[in-house]
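> sequence isn't available, so here's the structure alone:
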């Protein structure tokens with residue numbers, strides 16, 4: 001089945017999806033964006049037939065598309081949906097889907113009331129710029145308000161060579177939390193590691209020259225063996241003497257109090273994962289029960 005699409009929003013994710021759509025033979029018939037310059041660039045790049053900075057102009061081309069991609073910030077999804085619901089569109093034959101990782105199809109409730117198929121289509125990947133990235137073999141989280149909508153979204157995923165997982169609306173927030181823990185917090189740990197390296201006399205420009213191998217190896221070990229089988233270092237060896245030295249150093253340095261709290265929290269969680277009953281106190285660190 002060949003699809004024509006409409007895009008509301010032409011930001012970073014829209015550029016990647018637009019590229020993927022065109023690559024597999026889909027056509028983008030209409031695109032809208034609040035600002036004109038990025039809209040024109042999007043239209044030129046993906047040979048969009050019709051564009052407008054006024055979202056309501058989509059109604060002029062209602063018969064020309066079967067799917068509407070709402071690629072706007074999370075806070076604007078409901079507003080866009082409500083605006084679209086008030087227009088003369090072919091709701092019963094059109095799929096409306098947004099791209100948020102945390103929001104569900106409930107944001108599109110006004111469209112569903114009009115008889116439209118609705119859902120969310122989230123690719124757990126970072127999109128740092130408007131430069132399109134290849135989607136082949138990437139996962140996609142599909143959450144739909146109906147069986148019909150889910151079936152249609154699965155067709156999109158298959159055509160785009162994505163690997164879909166279907167999640168119930170009420171459970172989607174936990175999927176998003178999983179993505180946050182996997183991605184958003186890791187850079188903070190690396191930033192703290194860099195601060196410790198600088199305290200040791202190292203230079204920021206040399207950090208990745210030294211620590212890239214251990215970072216890359218750790219990630220690969222986690223992927224291949226699971227987190228519980230990828231821990232090395234003082235806790236896995238029950239080297240509580242060295243652990244206490246770490247705590248002392250962080251405690252005595254007034255500028256490292258945030259890192260101290262992080263170190264304690266992560267040490268205790270690491271020990272718990274390994275089945276070690278670790279108790280951390282200011283002046284003495286030992287395994288509980290001894």
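Looks like it came in fine. Since the structure is predicted, the reported quantities are computational estimates derived from the model, not experimental observations.
> centre of the chain to the top helix by length along the chain, how far?
In the chain, taking DSSP state H as the definition, the longest helix is helix 207-225. How far helix 207-225 lies from its chain's middle: 21 Å, per C-alpha atoms, centre = their mean, to the nearest Å.
> what comes up buried for that helix?
By 16 or more other C-beta atoms under 10 Å, helix 207-225 has no buried positions at all. All C-beta spots, glycine's among them, are computed from the backbone N, C-alpha and C.
> could you list every helix and strand in contact with that helix?
Secondary-structure packing of helix 207-225 (3 or more C-beta pairs under 8 Å, 6 or more residues apart in numbering; DSSP states H and E): helix 186-199.
> mean confidence for the helix it packs on?
The average pLDDT within helix 186-199 is 94.
> could you list the residues in contact with it?
Contact with helix 186-199 is made by 204, 207, 210-211, 215, 253, 256, 258-259, 262, 266, as judged by C-beta atoms under 8 Å, 6 or more residues apart in numbering.
> that helix versus helix 207-225: what angle between them?
Helix 186-199 and helix 207-225 meet at an angle of 140 degrees, taking axes from the mean of the first three to the mean of the last three C-alpha atoms, to 10 degrees as the criterion.
> which one of the contacts of helix 186-199 is nearest residue 228?
residue 266 (14.6 Å; C-beta to C-beta).
> number of nearby residues for the residue lying closest to that closest one once chain neighbours are set aside?
Excluding the flanking residues, the one nearest residue 266 by C-beta to C-beta, 6 or more residues apart in numbering is residue 189, at 7.9 Å. Neighbourhood size, residue 189 [other C-beta atoms under 10 Å]: 12.
> helix or strand right after the longest helix of the chain?
Counting by DSSP states H and E, the next helix or strand C-terminal to helix 207-225 is helix 240-252.
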